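*Asks:* Below are the sequence and a predicted model; questions follow.
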Amino acid sequence: ASQCLSCHPQGLQATFTQHDALYFPVYSGTHQGRWTTCTQCHPTAGTPSVFTCMSGSCHPQAQTNSSHNGRSGYSYTAAACLSCHPTGRSG
């Protein structure tokens with residue numbers, strides 16, 4: 001598809017090394033080495049604005065919920081995670 005080819009003009013899988021600086025740290029910090037493909041966090045290929053923090057074993061709901069007991073406004077959604085943890089750090 002043309003959307004795919006805009007980032008992968010040769011049709012090959014690439015490494016987007018600017019992800020940390022522009023969006024979210026996946027090459028450094030606690031998320032370093034925890035993913036192997038873009039679709040682990042971006043399940044809709046070609047639509048990087050759609051993301052999840054809950055794929056695979058990244059942030060299981062039971063563990064995440066228990067870590068947020070008593071947090072006002074907490075919800076188990078990717079948008080809520082990013083709004084409180086924009087740099088991928090806890091706390």
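*Replies:* Arrived safely. Numbering: from 1, shown residues only.
*Asks:* now stretch 35-53: mean pLDDT?
*Replies:* Stretch 35-53 shows a mean pLDDT of 84.
*Asks:* Name the residues of that stretch that are buried.
*Replies:* For stretch 35-53, burial by neighbour count (16 or more other CB atoms under 10 Å) applies to 38, 41-42, 51-53. From N, CA and C alone the C-beta is placed, and that goes for glycine too.
*Asks:* And for stretch 22-32?
*Replies:* For stretch 22-32, the neighbour count (16+ other CB under 10 Å) marks 24-26, 31 as buried.
*Asks:* For the residues you listed, please prepare JSON lines with the additional fields secondary structure, pLDDT and distance to T64.
*Replies:* Converted to JSON lines, the buried residues of stretch 22-32 look like this (DSSP: H, G, I helix; E, B strand; the rest coil; pLDDT from 0 to 100; distance: CB to CB, whole Å):
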{"residue": "F24", "secondary structure": "coil", "pLDDT": "87", "distance to T64": "17"}
{"residue": "P25", "secondary structure": "coil", "pLDDT": "88", "distance to T64": "18"}
{"residue": "V26", "secondary structure": "coil", "pLDDT": "86", "distance to T64": "18"}
{"residue": "H31", "secondary structure": "helix", "pLDDT": "86", "distance to T64": "15"}
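*Asks:* how much space is there between the spatially most central residue of the chain and C58?
*Replies:* Compute the mean C-alpha point of the chain, and by CA atoms, centre = their mean the closest residue is C41, 4.3 Å away. Distance of C41 to C58, given as CB to CB, to the nearest Å: 8 Å.
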